[in-house]
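# show me the folded form of this:
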Amino acid sequence: MRVILLCVCCFVSIYCTAQVRDVRSNVEKDKAEKRSAYSGEFREYESTSYSPPEIADGLGEFIVGGLFYITAYGIYRGLDYGQYLMQRRRVKHPETFSLQGDLVSGFDFKRNAGMVTSSVRGNWGLFASDMRFISTHDVTGSMNAIDWQVVKLRLPIKNIKLDYGIGFSYFLSPSKIYFDRSAGFDWCFINRRATLQGEFRWSQDTNLGRYRKESGISLDYETGLVGRFGFCPSIGFVYQDYFGTTQFRFVQLGMKVRLF
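Residues are numbered from 1 along each chain as shown. Take a look at the predicted model:
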């Protein structure tokens, strides 16, 4: 009887902690499918005969190009003026021009999985850029990814900043890149010593399901200031869903360092 109970416990433990292995398997399958699809598209392209464009096509492209230029110029002028206003409020809101580094560890108690995240984020008025390295592990192994939100556009509303970003996630092994987007906020209060940050990230969809959806929230408090460096212990929670089949729920503790 003891032997049977031991076997059952081992089976349940392996089943509940096989999350990392499942994610890596799905990435490998997606990579193989994409490789096969690209080869098929290349053969189809080779068999397609070339036909010269018509005059109407060229006129349409000219009109579309002109409208695109006018729209792009208007957006550029709007962003330039917005950045000027952000510079004027820099003294009262120093966090809008800052550099932030994070080192965070998390644990999923139900699945016996751990995660370590290190990141760096630069804020420059209306714009920001965020890069992080994520290492997740359980008894089946580990998986690593580099996420880079290349450009984030920020909208300040008093002590709250809303942002939307675009970038990519590079899954290291097997090697695969996924397009990534994000939407989030940060709210400074208690004389800007406390900061509540929230973010939702979603990656491109695949034949196996969306690579990753992630929701996270964290709260940090500035406990010390050395020169222009602020040291902020943090606590947070992150939910991740890979391919709609594998989920993680991490409780996180870490340290954030801000340079103003």
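
# which one is Asn123 nearest to, not counting chain neighbours?
In space, Asn123 comes closest to Ser98 once its chain neighbours are excluded; the distance is 5.0 Å by Cβ to Cβ, 6 or more residues apart in numbering. Backbone N, C-alpha and C define where each C-beta goes, glycine included.

# neighbours of the one you found, how many?
Burial of Ser98, expressed as a neighbour count using other Cβ atoms under 10 Å, amounts to 17.

# surely it and Val257 touch.
No: at 10.5 Å, Ser98 and Val257 do not qualify as touching, with contact defined as Cβ atoms under 8 Å.

# tell me the spacing between Phe200 and Gln247.
Separation of Phe200 from Gln247 (Cβ to Cβ, to the nearest Å) stands at 15 Å.

# quick one: the helices in the chain?
Counting by DSSP state H, the chain has these helices, from start to end: 2-16, 19-47, 55-88.

# lowest average pLDDT across the ones you listed?
The stretch with the lowest mean pLDDT among the helices of the chain is helix 2-16, which comes in at a mean of 43.

# tell me the contacts of Gly167?
Contacts were defined as Cβ atoms under 8 Å, 6 or more residues apart in numbering; by that measure Gly167 touches Asp130, Asp147, Trp148, Gln149, Val150, Val151, Asp180, Arg181, Ser182.

# which stretches of the stretch 101-250 of the chain have low pLDDT?
Judged against pLDDT under 70, the stretch 101-250 of the chain has no low-scoring part.

# quick one, what contacts the closest residue to Phe179 other than its chain neighbours?
When the adjacent residues along the chain are set aside, Phe179 lies closest to Gln204, with 4.4 Å between them (Cβ to Cβ, 6+ apart). Taking Cβ under 8 Å, 6+ apart as the contact definition, Gln204 lies against Tyr178, Phe179, Asp180, Arg210, Tyr211.
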